[in-house]
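S.K.: Build me a structure from this.
(one chain, ligands or ions: 1)
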Amino acid sequence: MPSRIEDYALLGDCETAALVSKAGSIDWLCWPRFDSSACFAALLGNDDHGCWRIAPVDGQFVQRAYRPGTLILDTEFSTATGRVRITDFMPLRDEHSHLIRLVEGLEGEVEMELLLRLRFDMGLTVPWVRQLPEADGIHAVAGPDMVVLRTPIELDGVDLSTVARFKVSAGQVVPFTLSYGPSHLDVPPGIDVNHALAHCEQEWRQWSDRCLHVGPFAETVKRSLITLKALTYAPTGAIIAAATTSLPEALGGVRNWDYRFCWLRDATLTVMTLLRAGYVEEAAAWRSWLVRAVAGTADQIQIMYGIAGERMLDEKEIPWLPGYANSAPVRIGNQAATQLQLDTYGELMDALYQARRGGLAADDDAWSLQCNLLERLERIWQQPDEGIWEVRGGAQQFTSSKMMAWVAVDRCIKTAEQFDMKGPVEHWKQLRDQMHADVCAQGFNAELNSFVQVYGGDQLDASLLGLALVGFLPPDDPRIIGTVAAVEKYLLQDGLVLRYRTAESRDGLPPGEGAFLACSFWLADNWVLQGRMEEASALYEHLLSLRNDLGLLSEEYDPVGKQMLGNFPQAFSHMSIVFTAYGLTGDGPMVGERAS
Ligand SMILES: OC[C@H]1O[C@H](O[C@H]2O[C@H](CO)[C@@H](O)[C@H](O)[C@H]2O)[C@H](O)[C@@H](O)[C@@H]1O
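M.R.: You can find the predicted model right below:
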C-alpha cells in the first residue's frame, strides 16, 4: 500500500524524477527519462510493482528536510537504540544517471533493512540479477534496461528481491548507489559519492541563489522554483506538467492521467514564472524546444508533446497496476494530445511576448512561427474546442478559449509594435476587436451578471478568472467584478475554488474531483488586482498551508478528506505559488504586467 501523496518527497536529476516516502521507500522512478517506464511503480500498486526501501528495523520517522536551496533530502529516523539519517539525492546528470542513498549513524547503533525490488516495464518485468564481478553489488538486466546497485554491504537474493540487514553506529556512513545504463552497454562505472554530494549541493545552490527577491516569500518561492527546475528536461529544455502518471483526481475514480509530457499551456506559464524570477536561460532553452517541437505546418500544431518533441503520445491502460488507492485505470500516454485547445495559442504568444520583454534576444524563427500560428488561429477560432480543462465529452464553445484567442492576437500586435516586427497589424487589430466583441456578446450571462463557461451557458468556470489577469477587461469592470463574485458564490467550496461543477458540466467523465489548486491562486490574483489584499493574503496563506512538510503541492486537494489528490508535484500548482507571491509583494506583480 503506497503512502499518502503528501508523504512523498521529490528527487531528480533534471532528466527524470523519483518519489521517496517518509517510510524510506522509493516508490516511483522512471528511468532513464521522465516518460520512460517506471522500474519502481509501487506508487500505483504495492511493493510487488517495484520499490527500494531502506529503513530501521524497528524505527520511527522523526523529520525530513531538503538541504537549503537544493533537492538533496535528509530524512531522520529514531529507534530504541539510536538515530540515523538517510540522505537521498540524484547528481545532476553526467554520462549516467545515479540515485544515491547515504545512511549515516547519528546516535547509538541502529539496525537497518534494505529491500530492492526492481520491476521494469511499469511494475511488470522481473529482471535477471547477478553479482557484480568485484562482488561490490548487483547488476539487474531485462530488455533494454540495466540497473546496478553498488554498496559495501552484503546483499542477498530472496523471493525475486534483493535484501540486506546491516548496522550503523554514530559517525559511520554506509553508501548505496543505484545507477542506470542501457543493457547493451558496459556496466556504468561507480562514482565517488562524497564528491557527487558536494557537487550536487553546490550546483543546486548556485542555481537557486539566482532567484530574484520576493520579500517575505523568498523561501517559499525558491522551493517552488527548484521544483519547476526539477520538472525540466535539461537536454531539450522541455518542461513536464508533473512527475507522475495516474495519481487520481478522486480516490477510487477514473480521472487518472499521464502528466509526464510537455503541455504548451503548462510549460509556457512555467516559463513566464521562471522569467519573472530571473531565469532567462531556461526560457531561452524552452523557446528553442518549442520552435523545434512545433516545426512544420501550423495546421499540425499539437497542444502537448513528448519531452524531445515527440507527437505520438497514444494513451493506453496498464491492466496489471491496480492504481493508487485502487484508482483504475492507470494510463500511460495522453489522448489529449490530439485535442483542439484554442487557449494554447494565447499562452504561447503571451510567453513569447513576455520573453522578449524579459530581455530574451529576438528569434526570427519564433516570430515567423507566431505569424503562421496566427493565420491558422484566424481560420479556426470560431470552432468549438476541448478547452483548457481538456474535456472528454466533446468540443464546445468555451468562453475562456475565445478569450485566450484574443490574447494571442493582442500579444502579436504588441510584439510587432514594441519590437518593430513585421506583420499585418491593422488587420490583426480588426480581428482582435471582433474576438473581444464576440466574447462579450456570447460569453456573458446578464442574469448571472457573470461570464460563463460556454457561449449561451449558465455554468461558472474558474478559467474565467483569467479575464482580468490577461488584460481582457480591467479588474474594476462591472462584468469582471460580477464574474469574480459569481465564482466566489458558485465555485468556492470549503475555502478552495473548483474548476467547474463536474456534475453540471459536460466533461464526459463521472462527476467528482478535488479542488484544482491553481484556480484558488487565480482567485487570490484577482483579489490583488481588485485591491482586496487582506483576503488575497489569507487565501494565499491557506494555500501554502496545504503544501506538505517539504513545500510540495499536487494538482488538486480534497478539503473534506484533507489530502492531496492528482499528479505530484505539479508544475501548475508551483508556478501559481510563485506568481501570486510576486503579486502580493507588489514587487512588479506579474499579473499587473500581463494585464498591460
Ligand atoms: O481532467 C481531465 C483532463 O485532465 C488532465 O488535464 C489537466 O492537466 C493538464 C496538465 O497539467 C492541464 O494542462 C489541463 O488544463 C488540466 O485539465 C489530462 O491531461 C487530460 O487528458 C484530461 O482530459
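S.K.: Check what contacts the host helix or strand of residue 29 and list those residues.
M.R.: With the criterion set as DSSP states H and E, the secondary-structure element containing residue 29 is strand 25-30. Among residues not part of strand 25-30, those counted as contacts by CB atoms under 8 Å, 6 or more residues apart in numbering are 2-3, 8, 11, 16-21, 36-43, 47, 51-53, 55, 88, 99, 243-244, 260. Using the backbone N, CA and C atoms, a C-beta is placed for each residue, glycine as well.
S.K.: List phi and psi for residue 5.
M.R.: Residue 5 has phi and psi values of phi -60, psi -40 when expressed as degrees, to the nearest 10.
S.K.: strands paired with the strand holding residue 29, and their directions?
M.R.: With DSSP bridges as the test, strand 25-30 is paired with strand 17-21 (antiparallel), strand 38-40 (antiparallel), strand 51-56 (antiparallel).
S.K.: The first one - what's its average pLDDT?
M.R.: When the per-residue pLDDT values of strand 17-21 are averaged, the result is 98.
S.K.: That strand: which residues count as buried?
M.R.: Buried residues in strand 17-21, counting neighbours by 16 or more other CB atoms under 10 Å, are found at 17, 18, 19, 20, 21.
S.K.: what's the farthest-apart pair in the residues you listed?
M.R.: 17 and 21 (14.2 Å; CB to CB).
S.K.: Helix or strand next in line after the longest helix that the chain contains, which one?
M.R.: Criterion DSSP state H: the longest helix present in the chain is helix 399-419. Later in the chain than helix 399-419, the nearest helix or strand by DSSP H and E is helix 425-442.
S.K.: pLDDT on that next one, on average?
M.R.: Across helix 425-442, the per-residue pLDDT values average to 98.
S.K.: for the longest helix of the chain, packing partners?
M.R.: Contact partners of helix 399-419 among helices and strands, from 3 or more CB pairs under 8 Å, 6 or more residues apart in numbering; DSSP states H and E: helix 343-357, helix 364-380, helix 425-442, helix 466-469.
S.K.: by how many degrees do that helix and helix 343-357 diverge?
M.R.: Orientation of helix 399-419 against helix 343-357 (axes from the mean of the first three to the mean of the last three CA atoms, to 10 degrees) gives an angle of 30 degrees.
S.K.: ok, and for helix 399-419, which residues are buried?
M.R.: For helix 399-419, the buried set under the neighbour-count rule, 16+ other CB under 10 Å, comprises 399-416.
S.K.: picking up where we left off before, of all the buried residues of strand 17-21, which comes closest to the ligand?
M.R.: Sorting the buried residues of strand 17-21 by distance to the ligand puts residue 17 at the head of the list, at 15.2 Å, by CB to the nearest ligand atom.
S.K.: now the closest one, nearest residue through space, not along the chain?
M.R.: Spatial nearest neighbour of residue 17, excluding adjacent residues (CB to CB, 6 or more residues apart in numbering): residue 243 at 4.0 Å.
S.K.: got a list of what that neighbour touches?
M.R.: The contact partners of residue 243, by CB under 8 Å, 6+ apart, come to 10, 12, 17, 19, 28, 34, 230-231, 259-260, 567-569.
S.K.: Out of those residues, name the ones that lie in helices.
M.R.: residue 230.
S.K.: any chance of the contacts of residue 243 in CSV, plus distance to the ligand?
M.R.: Putting the contacts of residue 243 into CSV (distance: CB to the nearest ligand atom, whole Å) gives the following:
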residue, distance to the ligand
10, 16
12, 18
17, 15
19, 17
28, 17
34, 14
230, 16
231, 11
259, 5
260, 10
567, 7
568, 11
569, 11
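S.K.: Buried ones among the contacts of residue 243?
M.R.: Judged by neighbour count, with buriedness set by 16+ other CB under 10 Å, the buried members of the contacts of residue 243 are 10, 12, 17, 19, 28, 34, 230-231, 259-260, 567-569.
S.K.: returning to what we had before: which one of the strands paired with strand 25-30 lies nearest to residue 143?
M.R.: When the strands paired with strand 25-30 are compared by CB to CB, strand 38-40 sits nearest residue 143, at 11.1 Å.
S.K.: pLDDT averaged over that closest one - what is it?
M.R.: Averaging pLDDT along strand 38-40 gives 98.
S.K.: what sits up against that strand?
M.R.: Taking CB under 8 Å, 6+ apart as the criterion, the residues outside strand 38-40 that touch it are 18, 26-31, 44, 49-52, 117-120, 122-123, 145, 147.
S.K.: one more time with 7 Å, if that's ok
M.R.: Counting by CB atoms under 7 Å, 6 or more residues apart in numbering, strand 38-40 makes contact with 26-31, 50-52, 118-120, 122-123, 145, 147, all of which sit outside it.
S.K.: which of the residues in stretch 328-336 are buried?
M.R.: In terms of neighbour count (16+ other CB under 10 Å), stretch 328-336 has its buried residues at 328, 330, 331, 332, 333, 334, 336.
S.K.: Name the residues that touch that stretch?
M.R.: Outside stretch 328-336, the residues touching it (CB under 7 Å, 6+ apart) are 44, 122, 245-246, 254, 256-258, 261, 303-304, 313-318, 321-323, 390.
S.K.: same check, this time on stretch 343-363
M.R.: By CB under 7 Å, 6+ apart, the list of residues contacting stretch 343-363 reads 264-265, 268-269, 271-272, 275, 280, 283-284, 287, 303, 366, 370, 373, 377, 388, 400-401, 404-405, 407-408, 411-412, 414-415, 419, 594.
S.K.: same deal with stretch 427-435?
M.R.: 378, 381, 402, 405, 406, 409, 410, 412, 413.
S.K.: Can you mark which positions in it are buried?
M.R.: For stretch 427-435, the neighbour count (16+ other CB under 10 Å) marks 428, 431, 432, 435 as buried.
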